[in-house]
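# Here is my input, please return the structure:
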Amino acid sequence: MIEVHEMSYAYPGSKQPILQDMNFQIGTGEIFGLLGPSGAGKSTTQKVLIGMLKDYTGSVKVLGGEIARSNRTFYEKIGVAFEFPNFYMRLTARENLQMFRTLYSVPTVEVNEALRWVSLEDYADRKVQDYSKGMKMRLNLARSLMHHPQLLFLDEPTSGLDPTNAAHIKQLMIKQKEEGRTIVLTTHNMALAEQLCDRVAFVVDGKIRLIDTPARLMKEAGQTQVEVKYAHEDGSVKALHVPTHELSQHTQFHSIMNSHELLSIHSHEMSLEQLFIRVTGRALHEAEQ
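Numbers count the residues shown, from 1 in each chain. From the prediction side, this is the model:
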């Protein structure tokens with residue numbers, strides 16, 4: 001679906017390119033995450049991929065053609081949901097979607113169906129200016145899906161959502177993948193990417209530092225450990241940490257299991273965020289400053 005080779009991009013007047021020598025491919029039906037802090041180049045990469053920024057160097061092929069030479073039919077095949085959506089605020093959600101439907105020559109779903117996808121059917125006739133940020137985000141996702149795009153670009157799709165609606169949007173994304181759509185997910189939410197993405201790319205200072213499946217990245221980053229909390233003879237709570245591959249031969253672990261009251265046993269794997277800190281030497285909140 002997407003092939004990027006030696007792609008760089010510099011904004012007009014900038015002395016340094018914001019994107020440098022990017023190389024990656026995204027396959028059909030894949031959820032691919034562009035991860036990193038604010039200002040790392042994720043959104044700029046997305047804008048290149050959807051044809052908003054065409055003065056790049058290198059090659060960027062999307063849906064089989066060089067994106068710099070794309071025409072309006074390209075936009076019949078992709079859906080885009082930016083983090084800060086624009087709507088006609090004095091119109092209702094229904095009126096907004098009815099208007100946007102007229103922009104497409106391809107078949108689109110009925111407005112009520114699109115609103116049902118994001119649980120907004122009960123608010124169809126409320127003006128968008130009265131929507132919360134989370135409701136606007138959900139309406140934006142409905143708008144991006146209503147023409148059945150082959151390729152979907154999502155920028156922070158769960159931003160501003162409560163846990164219930166965030167979970168609903170995650171399930172909607174999984175359903176899109178099951179129907180064969182390819183999703184490019186741009187986020188600094190490492191937990192979201194860990195849950196949804198088939199592969200992820202760490203974007204740091206305009207470069208891709210790592211790219212692989214979340215599971216493989218975390219496995220190669222460090223050993224999984226087991227933490228055992230138990231009641232000590234002196235009344236205190238003690239903890240023992242043992243690498244999983246040593247459990248069968250670990251004398252102290254077996255002694256504790258046989259002679260102490262166990263309070264909890266947990267496995268600890270390195271998270272994507274911990275891996276990001278290791279790779280960049282910066283905590284995520286520090287990298288965003």
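# residue ranges of the helices in the protein, please?
Under the criterion DSSP state H, helices of the chain are mapped to 42-49, 93-101, 111-117, 133-145, 163-178, 190-196, 214-221, 251-259, 272-280, 284-287.
# Can you pull out the residues in contact with the first one?
When contacts are taken as C-beta atoms under 8 Å, 6 or more residues apart in numbering, the neighbours of helix 42-49 outside the stretch itself are 2, 4, 7, 9, 18-19, 22, 34-36, 53-54, 56, 60, 62, 67, 153, 155, 184, 186-188, 203, 206. (Glycine included, C-beta is placed from N, CA and C.)
# can you rerun that using 6 Å?
Applying C-beta atoms under 6 Å, 6 or more residues apart in numbering, the contact partners of helix 42-49 are Y9, I18, L19, L34, G36, L53, Y56, V60, V62, F153, T186, V203.
# Could you identify the most distant pair in the residues you listed?
For these, the maximum inter-member distance is 20.8 Å, found between G36 and V62 (C-beta to C-beta).
# quick one: which of the two has more around it?
G36 (29 against 22; other C-beta atoms under 10 Å).
# unless I'm mixing things up, that one is touching V203, no?
Yes - taking C-beta atoms under 6 Å as the definition, G36 is a contact partner of V203 at 4.0 Å.
# now, which of the contacts of helix 42-49 sits nearest A93?
Of all these, A93 sits closest to F153, with 21.4 Å by C-beta to C-beta.
# Now render the helices of the chain as TSV, adding distance to V80 and mean pLDDT.
What follows is the helices of the chain, written out as TSV (distance: least, C-beta to C-beta, whole Å; pLDDT from 0 to 100):
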stretch	distance to V80	mean pLDDT
helix 42-49	8	93
helix 93-101	12	96
helix 111-117	15	96
helix 133-145	6	93
helix 163-178	14	92
helix 190-196	18	88
helix 214-221	24	77
helix 251-259	52	89
helix 272-280	25	76
helix 284-287	25	47
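# Save those helices as CSV, and put in distance to E76 and mean neighbour count too.
Listed next are the helices of the chain as CSV, based on distance: least, C-beta to C-beta, whole Å; neighbours: other C-beta atoms under 10 Å:
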stretch, distance to E76, mean neighbour count
helix 42-49, 16, 22
helix 93-101, 12, 19
helix 111-117, 16, 18
helix 133-145, 13, 22
helix 163-178, 17, 15
helix 190-196, 26, 19
helix 214-221, 32, 15
helix 251-259, 60, 12
helix 272-280, 34, 18
helix 284-287, 37, 14
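# among those helices, which is nearest H232?
Comparing the helices of the chain by their distance to H232 (C-beta to C-beta), the top pick is helix 251-259, with 9.6 Å.
# which residues sit against the closest one?
For helix 251-259, contacts defined as C-beta under 6 Å, 6+ apart pick out Y230, V242.
# residue closest to the middle of the protein?
For the chain, L185 is the residue whose C-alpha lies nearest the centre (C-alpha atoms, centre = their mean; 3.7 Å).
# how many neighbours does the residue nearest to A193 when sequence neighbours are not counted have?
Sequence neighbours aside, G33 is the residue nearest to A193 in space, at 4.0 Å (criterion: C-beta to C-beta, 6 or more residues apart in numbering). Neighbourhood size, G33 [other C-beta under 10 Å]: 29.
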